[in-house]
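Enquirer: dropping the sequence and predicted coords here.
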Amino acid sequence: MEKIDLEFSLQPVPKEHRTGFWKILAVMLGFTFFSASMWSGGTLGNGLSFINFIWIVLAGNLILGIYTGALAHIAAKTGLSTHLLTKYAFGEKGSYLSSLLLGVTQVGWFGVGVAMFAVPVQKATGLNVYFLIIVSGILMTITAIYGIKALAILGVVAVPSIAILGSYSVLEATETAGGIQGLLDYQPLEAMGLATAITICIGSFISGGTLTPDFARFAKTARSGVVSTVIAFFLGNSLMFLFGAVGAIVYNKSDISDVMFLQGLIIPAIIVLGLNIWTTNENALYASSLGFANITKISKKKIVVFNGTVGTITAMWLYNHFVGFLTILGSTLPSIGAIVLVDYFLLKRGKYKPFNEMKFKAVNWLAIIAWVGGVAAANLIPGIPPINGLLGTAILYAVLMKCIPQHEEVVNHLDIRKGGEINDY
């Protein structure tokens, strides 16, 4: 009897396998409860007044929410992951580019995350750091094998724990600062420009947000997928920034676990750190497996084990050397999301042909050109790089696709001579 891939790595998620709002919300909140967001919040806290910090975080995460919410809408409507959606715009072989970039980036962040847990816990407990890396890497890999159901269960446990413990720590820190008024009176020694601040806010998680369809495709309705995603990125991510900012202002520490260590809350700190990284790493490993499954057609579970093993073995090296490279890779991902959005909403007017009926072209070189142009816009044009990249890619892709003929008639004619039917475009 043939086994059914319940993660639907290479096909749309059927309606009968979709899940409700609360489970999707738990998964998405687990995704956005990310240590790097707290570090980014700490950077903003050190460079902005508290009032400016609040406005920047709300504005930046609203933009993130709109971007990821739009991707969630497409995913819930089609049931497709990011990697399968890119076939419509990039083509069958062209989609391998996005899958490779997304997959490598997420495996790298998985390894970094394992070390991010092991190093501070080793300092607090004295346990061998490599022992901690191996144990945590194995546990994170095992739970990722079980897919979206495990992600939902872990999110249900982790998200409230992080929110409660983190909020308690922030309240303690606020009292140390002299209450809310103490935070409002805070002025940074060196003020940060607003463009730089919004760049940090959006850029810290927009590459991860591009993977939203990998999780939102399981939503029963487009509305539940969009609402859960917007809540996670607008409210959940804002909470992470707040945790980091208050710690930076009061203790000069942007990670809530470091703040808890200083407050004498060692066990809660380890719990928060572990759950925080676990939820994000689960999503990273899960998303990377979908990307490599698109390229290799190997089952997702086998790829999860392989990716988890690679990430665990290389964790310390990644932690010490790879973050810069991962950041560069991350700057290339939002342009992929921009192309998917333009292709679906503008060019196809909100309706894709069913995935199983499509015969995709090999490579859509116009999408590749638009992707390259968008990455260049993000890195070369003055302003806010993430927004430059999104807008530059979107405009370039739309103009190219509208102005350059796709020779659809020739392809259809050749296919008709063979007696077949083609659904390419």
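Expert: Looks like it arrived, so ask away.

Enquirer: residue 16 - how many residues pack around it?
Expert: Neighbour count of residue 16, defined by other C-beta atoms under 10 Å: 5. No exception for glycine: its C-beta is placed from N, CA and C like everyone else's.

Enquirer: start at 24, not 1
Expert: With the count now opening at 24, the last piece we talked about shows up as residue 39.

Enquirer: measure it to residue 251 for me?
Expert: Residue 39 is 20 Å from residue 251, where distance means C-beta to C-beta, to the nearest Å.

Enquirer: one more: residue 275?
Expert: With distances taken as C-beta to C-beta, residue 275 is found 35 Å from residue 251.

Enquirer: the more surrounded of those two?
Expert: Neighbour tally, residue 275 and residue 251, criterion other C-beta under 10 Å: the higher count belongs to residue 251, 26 against 13.

Enquirer: so the more buried one touches residue 241, yeah?
Expert: No. Look at residue 251 against residue 241 with C-beta atoms under 8 Å: they stay out of range, at 10.4 Å.

Enquirer: near residue 208, how many other residues are there?
Expert: Neighbour number of residue 208 under other C-beta under 10 Å is 12.

Enquirer: per-residue pLDDT, it?
Expert: Note for residue 208: predicted pLDDT of 89.

Enquirer: the residue nearest to it when sequence neighbours are not counted: which element?
Expert: Nearest non-adjacent residue to residue 208, counting by C-beta to C-beta, 6 or more residues apart in numbering: residue 201, 7.8 Å away. Using DSSP states H and E, no element contains residue 201; it sits outside every helix and strand.

Enquirer: tell me which element the nearest residue to residue 288 once chain neighbours are set aside is part of?
Expert: Closest residue in space to residue 288, ignoring its immediate chain neighbours: residue 192 at 6.7 Å, by C-beta to C-beta, 6+ apart. Using DSSP H and E, the element containing residue 192 is helix 170-199.

Enquirer: what comes up buried for that helix?
Expert: 170-171, 173-179, 181-182, 184-186, 188-189, 192-193, 195-197 (16 or more other C-beta atoms under 10 Å).

Enquirer: look up phi and psi at residue 406.
Expert: With angles defined as degrees, to the nearest 10, residue 406 sits at phi 130, psi -140.

Enquirer: output the below-cut-off pLDDT ranges for this protein.
Expert: 24-29, 345-353, 430-448 (pLDDT under 70).

Enquirer: just give me the residue closest to the centre of it.
Expert: residue 231 (1.8 Å; C-alpha atoms, centre = their mean).

Enquirer: assess the claim that that one and residue 53 are in contact.
Expert: No. Using C-beta under 8 Å, residue 231 makes no contact with residue 53, being 12.0 Å away.

Enquirer: check the contact lists of these two and give me the overlap.
Expert: Common contacts of residue 231 and residue 53, defined by C-beta atoms under 8 Å, 6 or more residues apart in numbering, comprise residue 306.

Enquirer: for residue 49, what are its contacts?
Expert: The contact partners of residue 49, by C-beta under 8 Å, 6+ apart, come to 174-175, 178-179, 182.

Enquirer: contacts made by stretch 409-428 with the rest, please.
Expert: Residues outside stretch 409-428 that contact it (C-beta under 8 Å, 6+ apart): 86, 90, 112, 222, 225-226, 229, 354, 357-358, 360-362, 364-366, 369-370, 389-390, 392-394, 396-401, 404.

Enquirer: which of those residues fall in helices?
Expert: If you go by DSSP state H, the contacts of stretch 409-428 have 86, 90, 112, 222, 225-226, 229, 357-358, 360-362, 364, 389-390, 392-394, 396-401 in helices.

Enquirer: buried subset of these?
Expert: For those, a neighbour count by 16+ other C-beta under 10 Å gives the buried set as 86, 90, 112, 222, 225-226, 229, 357-358, 360-362, 364, 389-390, 393-394, 396-401.

Enquirer: how far off centre is stretch 247-261?
Expert: Its chain's C-alpha centre and that of stretch 247-261 lie 12 Å apart, by C-alpha atoms, centre = their mean, to the nearest Å.

Enquirer: now do the buried residues in that stretch.
Expert: Residues of stretch 247-261 classed as buried under the neighbour-count rule (16+ other C-beta under 10 Å) are 247-257, 259-261.

Enquirer: now do stretch 272-283
Expert: Going by 16+ other C-beta under 10 Å, stretch 272-283 has these buried residues: 272-274, 276-283.

Enquirer: appreciated, that's everything.
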